[in-house]
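*Asks:* My questions are about this predicted structure, shown below with the sequence.
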Amino acid sequence: MQKPRKRKQPEVRQPPQPRIKPARPSISLGKPPNDPYPTHPRPTPEECRAIRDDLLAFHGFPQEFAKYRRQQPNSSFDQAHGFLKSELLDGESKETVLDGLVKTVLSQNTTEVNSERAFESLKSAFPTWEDVLAAESKCIENSIRSGGLAPTKASCIKNILSCLLEKKGKLCLEYLRDLSVDEIKAELSQFKGIGPKTVACVLMFHLQQDDFPVDTHVFEIAKAISWVPALADRNKTYLHLNKRIPNELKFDLNCLLYTHGKLCRRCTKKVDKQQTKESQDNPCPLLKYCKNS
Ligand SMILES: [Zn+2]
């Protein structure tokens, strides 16, 4: 909450002066100033667009996110790149928001393959969320073992379900679709074990909101190409990038940077320790954006 600013009453009345808009970070009324680096001028919208296009040409759009890409509201990118618009392919079912949240919890600290497997296994052991809530914690843990951190994730999931039932009377998060980004953040953050990154992923993938999660890969790249000051932490990086990256580019840029970060050793600073053959044959398209290159 922002405190109202106290105005100093001038003791001596000044002669009228031309009104100059004071230079200060943009603070819109009622909203907290949420860019921690308001004077850091990058990334620019043009740079975001250029990197999106460079990474798209380099990797193609990552398959693992294609299903969510198809659910995104239309953008000029669709026409330019021949994407199917807002349609699911045969066999693709639209996930519920609760499915999405649990999937995101299961994806923490593990690979895509393992977390997918854990979710499938959970759903086959317990077909409904009511079944999960009624189950012994040990049984839930056993069903999600392949995703790692099973006891932590099981208790997080069970806590979400019991809080939801208590507050809303049913195991359903679809009501979030009608809320604003800030309201959704407030709702999801109430669950124990749900941090800003999980919230941002649910916003972007499962609620089709314009948000830009910062995971380890995105964070490393953002520092490498000086999108944030060198000493930035992950949360401030999240706040800064969400302010600066144009909304319509957030989804594609995020998926592409994440994929690039997983694959590129240069961008994640692993290159100093281990110069791979691939990185020489296939130079990183982000090199030209690094300040030292
Ligand atoms: Zn790279």
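*Replies:* That came in fine, so what should we check first? Residues are numbered from 1 along each chain as shown.
*Asks:* residue ranges for the helices of the stretch 51-200 of the chain, please.
*Replies:* Using DSSP state H, counting those that start in this stretch, the helices assigned to the stretch 51-200 of the chain run over residues 66-71, 76-81, 97-106, 112-125, 129-134, 137-143, 150-168, 181-189, 196-201.
*Asks:* Kindly report which one of the ones you listed carries the lowest mean pLDDT.
*Replies:* Comparing mean pLDDT over the helices of the stretch 51-200 of the chain, the weakest stretch is helix 76-81, at a mean of 53.
*Asks:* just to revisit the earlier point, compare the helices of the stretch 51-200 of the chain and give me the one nearest the ion.
*Replies:* Set against the ion and scored by Cβ to the ion, the helices of the stretch 51-200 of the chain come closest in helix 112-125, at 19.5 Å. (C-beta placed from N, C-alpha, C; glycine too.)
*Asks:* outside of the closest one, which residues touch it?
*Replies:* Contact partners of helix 112-125, identified using Cβ atoms under 8 Å, 6 or more residues apart in numbering, comprise 64, 99, 102-103, 106-107, 110, 132, 135, 139-140, 142-148, 153.
*Asks:* Give the buried residues for it.
*Replies:* Neighbour-count burial for helix 112-125 flags 114, 115, 116, 117, 118, 119, 121, 122, 123 (criterion: 16 or more other Cβ atoms under 10 Å).
*Asks:* before we move on, what about stretch 57-77?
*Replies:* 58, 61, 62, 65, 68, 69, 70, 71, 72, 75, 77.
*Asks:* wait, isn't the fourth one in contact with residue 255?
*Replies:* What that stands for is residue 65. Yes. Here residue 65 lies in contact with residue 255, judged by Cβ atoms under 8 Å, at a distance of 4.2 Å.
*Asks:* list the contacts for the closest residue to the ion within the stretch 101-250 of the chain?
*Replies:* The shortest separation between the stretch 101-250 of the chain and the ion is 7.1 Å, found at residue 221 (distances taken as Cβ to the ion). When the contact criterion is Cβ under 8 Å, 6+ apart, the partners of residue 221 are 227, 257, 260, 261, 267, 268, 286.
*Asks:* mind checking pLDDT for it?
*Replies:* Predicted confidence (pLDDT) at residue 221: the value is 93.
*Asks:* got it, and residue 64?
*Replies:* For residue 64, the model assigns a pLDDT of 87.
*Asks:* quick one on the thing from earlier: want to throw the contacts of residue 221 into TSV with neighbour count, secondary structure and distance to the ion?
*Replies:* Rendered in TSV, the data for the contacts of residue 221 read as follows (neighbours: other Cβ atoms under 10 Å; DSSP: H, G, I helix; E, B strand; the rest coil; distance: Cβ to the ion, whole Å):
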residue	neighbour count	secondary structure	distance to the ion
227	25	coil	14
257	28	helix	9
260	24	helix	6
261	20	helix	8
267	27	coil	3
268	17	coil	8
286	21	coil	5
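*Asks:* for stretch 148-165, which positions count as buried?
*Replies:* Counting neighbours by 16+ other Cβ under 10 Å, one finds that the buried residues in stretch 148-165 are 148, 149, 150, 153, 154, 156, 157, 158, 160, 161, 164.
*Asks:* who's in contact with the last one?
*Replies:* Think residue 164. Applying Cβ under 8 Å, 6+ apart, the residues contacting residue 164 are 98, 170, 171, 172, 173.
*Asks:* from the buried residues of stretch 57-77, which two are the most distant?
*Replies:* Farthest apart among the buried residues of stretch 57-77 by Cβ to Cβ are 58 and 71. That separation is 24.2 Å.
*Asks:* ok, the residue lying closest to residue 98 once chain neighbours are set aside - how many residues close by?
*Replies:* Nearest-residue entry for residue 98: residue 173, 4.5 Å, with adjacent residues in sequence omitted and distances by Cβ to Cβ, 6 or more residues apart in numbering. Each residue near residue 173 was counted by other Cβ atoms under 10 Å, and the total is 24.
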